[in-house]
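**Q** any chance you can model this:
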Amino acid sequence: MSYEKLLEVCTTDRQRDLVRAVEAHYGRVVEAHQSLFGNTDPTNSNRIMRKLKSKIQDCEVKDSAEVAEIFRQTDVIKPAILPVGKKVRRYILSSCQDETKPDHAFVRNLEAYAEWLGDCEIMLSGFTYNKSGLEDVERRKSGKKDQPSIYHKSLRKYLNNGQSRLCDGLLFCGEMNTLPTAVRPLSGFETYTGGDWGIFPHPKIQLEAIATSKFERTKHLMTTGCVTKPNYVKKKAGIKAAFHHEIAAVLVEVDVDGSYFCRHLCADKHGSFYDLDRWIKQGEVTTGHRIEALNPGDIHHEKLDPDVALSVFGYDVKTRTITTRDNLIDWLRPKFTFLHDLSDFS
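**A** Predicted structure coming up:
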C-alpha cells in the first residue's frame, strides 16, 4: 500500500509522523513506534495504521464505481466522414489508453467546443499498454490472450481505430497502436502516409516536418496527445513517459476549397484550454482573449511571401503598406511578438 495515500488520509500530526516512521522502518510498526515513543505499548500505533488502511480501502471501493463504467470493445466505431463541400468541416482528434480513467474535465470541454464550432466530429483512437507481465500470464492460462481491449464508457461513442481520410492530403492514422512509452512516436512513419500529412494517436506530442521535392506540397506528421490520465509502470520508461504525457488533442479544419489546417489543443491542470482567442473552461466557450506571444516564421523581407505577409501582418508586399486588419496580429493581439531573420543576406 502506498505511503503517499496513507499520508493523504491522515488528519493529525501524530498520524503523519507515525506513517513516515513506518515507511522509514520498512513497514515495521513496532520499530516505528519505539523510535517515536520509546519502549511503550505499540497497540495504539497498530490500531492507527489499521484505521488508515481501512480508510484507503473505503476510498478504493468508491472509486470502483467509476472503474466499473468501462465497456469491452467488440466493434470498431468508425464515424461517417463528410466530404469537403459547401461548408467548413472540423475534427477533434485524440487518443485514449485502455483500462484508464479519462480526464473528465478535458473531455467535457472538447465536447462543448465541438458543439460550439458546429459540424465538428470527435475521434479517439484507443491504444493498449501492458502494465504487468502477469496479465499476459493470466490471459494465457485462461485462454483469453486475445481478449478485446477495455475503454471507459464515456469514450465509446468517439472510438475510431481505423484509418480515416479527412480530405485530400490528410490522414488520421487511428489504426496505429504505438506504445505510449515510445521516445520518438513518429519514428519510421516518414513514408507511411506517402505524400499526405499524417496525424497519429499518441500521448506524447511530437511534430515533424518531412522533406519533399521542390515543387510538391509540404508534408507534416504529428501526434495527438491523450484524453486519459497518465497510467504507467513506475520504471524508467514509464516514468519518462508520464513526464511527457499530454492531455491534448488536434483540431483539424477543412475549408470548402479543400485547404486544411491543424493545431494542438493543450489542456492545463484543470482540463481547460485555449484555441486562438477562445478559452474553453468548465464546458463554456468565451472569446476575445489575447494570446501571450506570437513567433512568425523567418521573414526575409526581400523574399517575403505575399500570401504569408497579408495573412500574418496585413502587409502588401508590392505597396509596402498595411492594407487590411484581417490578419493574425490584429485578430490574436499577442502581448509579445518575436520578429527575427528580417534580412536575407543572399
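**Q** need the contact list for Lys240.
**A** Applying Cβ atoms under 8 Å, 6 or more residues apart in numbering to Lys240 gives the contacts Thr181, Val183. Every C-beta, even on glycine, is put in place using the N, C-alpha and C of the backbone.
**Q** ok, 10 Å please
**A** With contact taken as Cβ atoms under 10 Å, 6 or more residues apart in numbering, Lys240 is in contact with Thr181, Val183, Lys204, Tyr232.
**Q** neighbours around the residue lying closest to the third one once chain neighbours are set aside, how many?
**A** Distance criterion Cβ to Cβ, 6 or more residues apart in numbering; nearest residue to Lys204, sequence neighbours excluded, is His244 at 4.5 Å. One way to gauge burial is a neighbour count; for His244, by other Cβ atoms under 10 Å, it gives 17.
**Q** so how far is Arg165 from His244?
**A** 29 Å (Cβ to Cβ, to the nearest Å).
**Q** one more: Lys303?
**A** 34 Å.
**Q** by neighbours, which of the contacts of Lys240 wins?
**A** Highest count within the contacts of Lys240 by other Cβ under 10 Å belongs to Lys204, 23 neighbours.
**Q** I'd guessed it sits against His245; true?
**A** Yes - using Cβ atoms under 10 Å, Lys204 is in contact with His245, at 6.9 Å.
**Q** what about the closest residue to Ser154 other than its chain neighbours, distance to Lys153?
**A** Nearest residue to Ser154, sequence neighbours excluded (Cβ to Cβ, 6+ apart): Pro102, at 6.2 Å. Applying Cβ to Cβ, one obtains 10 Å for the distance of Pro102 from Lys153.
**Q** give me the more crowded residue out of the two.
**A** Taking neighbours as other Cβ under 10 Å, Pro102 and Lys153 compare with Pro102 leading, 23 against 13.
**Q** residues touching that one, list them.
**A** 66, 96, 108, 124, 151-155, 226-229, 247, 271.
**Q** and which of the residues you listed is nearest Ala309?
**A** Ile247 (35.6 Å; Cβ to Cβ).
**Q** tell me where the stretch 151-300 of the chain has helices.
**A** In the stretch 151-300 of the chain, the helices defined using DSSP state H, counting those that start in this stretch lie at 236-244.
**Q** and Gln73, what pLDDT?
**A** Note on Gln73: pLDDT of 42.
**Q** ok, residues contacting stretch 337-346?
**A** Outside stretch 337-346, the residues touching it (Cβ under 10 Å, 6+ apart) are 293-304, 312-313, 328-329.
**Q** now the two most distant members of these.
**A** For these, with distances taken as Cβ to Cβ, the pair at the greatest spread is Ala293 and Glu302 (25.9 Å).
**Q** re the thing from before, identify the contacts common to Lys204 and His245.
**A** Joint contacts of Lys204 and His245 (Cβ under 10 Å, 6+ apart) are Pro180, Gly225, Cys226.
**Q** quickly name whichever of these is closest to Gly195.
**A** Closest approach to Gly195 among the shared contacts of Lys204 and His245 (Cβ to Cβ): Gly225, at 25.0 Å.
**Q** contacts only, for the closest residue to the closest one other than its chain neighbours.
**A** Nearest residue to Gly225 in three dimensions, chain neighbours excluded: Ala248, at 2.5 Å (Cβ to Cβ, 6+ apart). The neighbours of Ala248, taking Cβ under 10 Å, 6+ apart as the test, are 94-95, 106, 203-205, 223-227, 264-267, 273.
**Q** and Ile56, what element?
**A** For Ile56, the element it lies in under DSSP states H and E is helix 43-67.
**Q** pLDDT averaged over that helix - what is it?
**A** 69.
**Q** then stretch 223-238?
**A** Per-residue pLDDT over stretch 223-238 has a mean of 90.
**Q** equivalent analysis for stretch 201-219, please.
**A** On average, the pLDDT along stretch 201-219 is 89.
**Q** likewise stretch 121-131?
**A** 84.
**Q** so which bits of that stretch are buried?
**A** Buried residues in stretch 121-131, counted by 16 or more other Cβ atoms under 10 Å: Glu121, Ile122, Met123, Leu124, Ser125, Gly126, Phe127, Tyr129.
**Q** for the residue lying closest to the first one once chain neighbours are set aside, which three-state class applies?
**A** It refers to Glu121. Distances taken as Cβ to Cβ, 6+ apart put Tyr91 closest to Glu121, at 5.1 Å, once the chain neighbours are dropped. What DSSP: H, G, I helix; E, B strand; the rest coil gives for Tyr91 is strand.
**Q** got the shared contacts of Lys204 and His245 as JSON lines, with neighbour count and distance to Asp17 columns?
**A** Compiled in JSON lines, the shared contacts of Lys204 and His245 are given as follows (neighbours: other Cβ atoms under 10 Å; distance: Cβ to Cβ, whole Å):
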{"residue": "Pro180", "neighbour count": "27", "distance to Asp17": "38"}
{"residue": "Gly225", "neighbour count": "25", "distance to Asp17": "41"}
{"residue": "Cys226", "neighbour count": "30", "distance to Asp17": "38"}
